[in-house]
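Chemist: sequence first, predicted model second:
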Amino acid sequence: MSDDVLARFRAASASADWVFGRAPSTPAAMFRDLAAFAEEHAVEWDRYGERGGVARLEGEVAELLGKPAAVMFPSGVMAQQATLRSWCDRTGSRRVALPDTSHLVHHEQDGPRRVLGLELEWLTTGRETPTAASLGAIGGRLGAAMVELPLRDAGSLLPAWDDLVALSAAARERGVPLHADGARIWESVAHWDRSLAEAAGLFDSMYVSLYKGLGGSSGALVVCGEDLAGELRSWRARMGGTIFSMTAAAVGGLRGLREHHAGFGANRSWAIALAGALREHGLRSFPEVPHIATFLVYAPGTADAVNERVVSCVEQRGVVPSGLWRAADVPGWVETELTCYEPALARDPSEVARMLAEVVLGPSAASET
């Protein structure tokens, strides 16, 4: 993608009507919303992660996920690395089994290995979801095993509930602490028709995000037992994460729980309807039936041509029909990710599918489908 196309897209989309995701806010608008919420709910300052808004958020999240404790971190990267290191220290092994598409592998500059000295083994590869057999195939002593719910880079895939239950039982029988990257667990439980507490109950610890789905500015938490929580607070301090205040991020999380938590089931249902409508216009979704409100879409074409039509739509019509597209693994096809939040739900999925096909395929190609 050329720098010019990206710059045009950013400039035009700043004031346009977004169909997918949530329209970007300005710092001033976000701060006003946070201030109004903090005043309405009498949120007080934390100090170095204690008391105030942080303690309130930790209590609410621990209760929602049915765990004794929750520990807030400035970032999910720090939260997960601290958790895996804590489990490995307990078990006496630095070997961690996790998906090869994990965020820890692809987006953290090899931090788990270079910073914490962890040894990574692949629990799953590609678009494979974890099972008890996956864990059983890794011999030797493991310090921890981690699953990502959902597998974001593989199309936001979720394992079957029975597979998760069996994996949890196998890990406990083997004495391997089981951790979940649950950044999007808020959106995932509707796929299984289970509660957050039922999902978290299968794991010894789970990381959750405050901005993925909940719309906060930053921040993460790990839910776990009280004893591990104490170790996590120590690691947070060692890693420079016990900052003077995390109140602003905590307020964003508290606000997100109240504004977005109840709507994720409806978001998923709308996404499923959209995926079906897209197929009628020659575009393909993966998974075919989305597991959450985020999924991949594929179309024939080249990234340069498709992105030019997307940017032109934003510039001429004031509507952002999707993000930019990239070349897919199959030559001659492109892909992008769609996330169906509140702006999408205000529209008819059939009309959105028709518009997106017209933009991506071109008016003449779309009219033939």
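Modeler: That came in fine, so what should we check first? Predicted, not measured: the structure shown is a model, and the values here were computed from it.

Chemist: can you give me the neighbour number for residue 169?
Modeler: Other residues within reach of residue 169, judged by other CB atoms under 10 Å, total 13. Glycine gets a C-beta too; all of them are placed from N, C-alpha and C.

Chemist: what sits against it?
Modeler: residue 132 (CB atoms under 8 Å, 6 or more residues apart in numbering).

Chemist: now residue 218
Modeler: The contact partners of residue 218, by CB under 8 Å, 6+ apart, come to 74-75, 210-211, 249, 252.

Chemist: nearest to residue 121 among the residues you listed?
Modeler: For residue 121, the nearest member of these is residue 75. The distance, counting by CB to CB, is 24.4 Å.

Chemist: pLDDT score assigned to the closest one?
Modeler: Reported pLDDT at residue 75 in the predicted model: 96.

Chemist: quick one, which of the contacts of residue 218 are buried?
Modeler: With burial judged by 16 or more other CB atoms under 10 Å, the buried subset of these is 74, 210-211, 249, 252.

Chemist: from the residues you listed, pick the one nearest residue 104.
Modeler: Using CB to CB, the buried ones among the contacts of residue 218 come closest to residue 104 at residue 74, 16.8 Å.

Chemist: separation between the most centrally placed residue in the chain and residue 176?
Modeler: A centroid search over the chain (CA atoms, centre = their mean) returns residue 184, at 4.0 Å, as the residue closest to the centre. Here the distance between residue 184 and residue 176 works out to 24 Å (CB to CB, to the nearest Å).

Chemist: on that earlier part again, farthest-separated two in the contacts of residue 218?
Modeler: When CB to CB is used, the two most widely separated members of those are 75 and 252, lying 13.6 Å apart.

Chemist: need the overlap of contacts for the two.
Modeler: Overlap between the neighbourhoods of residue 75 and residue 252 consists of 218-219, taking contacts as CB under 8 Å, 6+ apart.

Chemist: of the buried ones among the contacts of residue 218, the lowest pLDDT goes to which?
Modeler: Lowest model confidence among those falls on residue 211, which carries 93.

Chemist: which residues of the chain score low on pLDDT?
Modeler: For the chain, applying pLDDT under 70 flags the ranges 1, 364-369.

Chemist: which parts of it are strands?
Modeler: Secondary structure of the chain by DSSP state E: the strands cover 17-18, 69-73, 95-98, 119-122, 144-148, 178-181, 205-209, 220-224, 284-286, 294-300, 319-320, 326-327, 333-339.

Chemist: please produce JSON lines containing the ones you listed, extended by mean neighbour count and distance to residue 7.
Modeler: Putting the strands of the chain into JSON lines (neighbours: other CB atoms under 10 Å; distance: least, CB to CB, whole Å) gives the following:
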{"stretch": "strand 17-18", "mean neighbour count": "16", "distance to residue 7": "18"}
{"stretch": "strand 69-73", "mean neighbour count": "26", "distance to residue 7": "34"}
{"stretch": "strand 95-98", "mean neighbour count": "24", "distance to residue 7": "36"}
{"stretch": "strand 119-122", "mean neighbour count": "16", "distance to residue 7": "37"}
{"stretch": "strand 144-148", "mean neighbour count": "27", "distance to residue 7": "33"}
{"stretch": "strand 178-181", "mean neighbour count": "26", "distance to residue 7": "33"}
{"stretch": "strand 205-209", "mean neighbour count": "27", "distance to residue 7": "29"}
{"stretch": "strand 220-224", "mean neighbour count": "28", "distance to residue 7": "31"}
{"stretch": "strand 284-286", "mean neighbour count": "18", "distance to residue 7": "29"}
{"stretch": "strand 294-300", "mean neighbour count": "21", "distance to residue 7": "24"}
{"stretch": "strand 319-320", "mean neighbour count": "19", "distance to residue 7": "15"}
{"stretch": "strand 326-327", "mean neighbour count": "14", "distance to residue 7": "17"}
{"stretch": "strand 333-339", "mean neighbour count": "20", "distance to residue 7": "19"}
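
Chemist: who's in contact with the residue lying closest to residue 58 once chain neighbours are set aside?
Modeler: Spatial nearest neighbour of residue 58, chain neighbours left out: residue 70 (4.2 Å); criterion: CB to CB, 6 or more residues apart in numbering. Residue 70 makes contact with 57-59, 61-62, 221-224, 229, according to CB under 8 Å, 6+ apart.

Chemist: mind doing that once more with 7 Å?
Modeler: If a contact means CB atoms under 7 Å, 6 or more residues apart in numbering, then residue 70 has 58, 61-62, 221-223 as its contacts.

Chemist: wait, the residue nearest to the centre of the chain touches residue 212, no?
Modeler: Yes. The pair residue 184 and residue 212 qualifies as a contact (CB atoms under 7 Å) at a distance of 5.5 Å.

Chemist: shared neighbours, those two?
Modeler: Listed as contacting both residue 184 and residue 212 by CB under 7 Å, 6+ apart is no residue at all.

Chemist: make CSV out of the buried ones among the contacts of residue 218 and add distance to residue 343.
Modeler: Formatted as CSV, the entries for the buried ones among the contacts of residue 218 read as follows, by distance: CB to CB, whole Å:
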residue, distance to residue 343
74, 28
210, 20
211, 17
249, 24
252, 19
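
Chemist: so which of those residues are in helices?
Modeler: Where the buried ones among the contacts of residue 218 overlap with helices, as defined by DSSP state H, the overlap consists of 249, 252.

Chemist: re the thing from before, so which of the strands of the chain comes closest to residue 50?
Modeler: Shortest separation from residue 50 across the strands of the chain is recorded for strand 69-73, at 10.3 Å, computed as CB to CB.

Chemist: okay, angle between that closest one and strand 205-209 too, please.
Modeler: 40 degrees (axes from the mean of the first three to the mean of the last three CA atoms, to 10 degrees).
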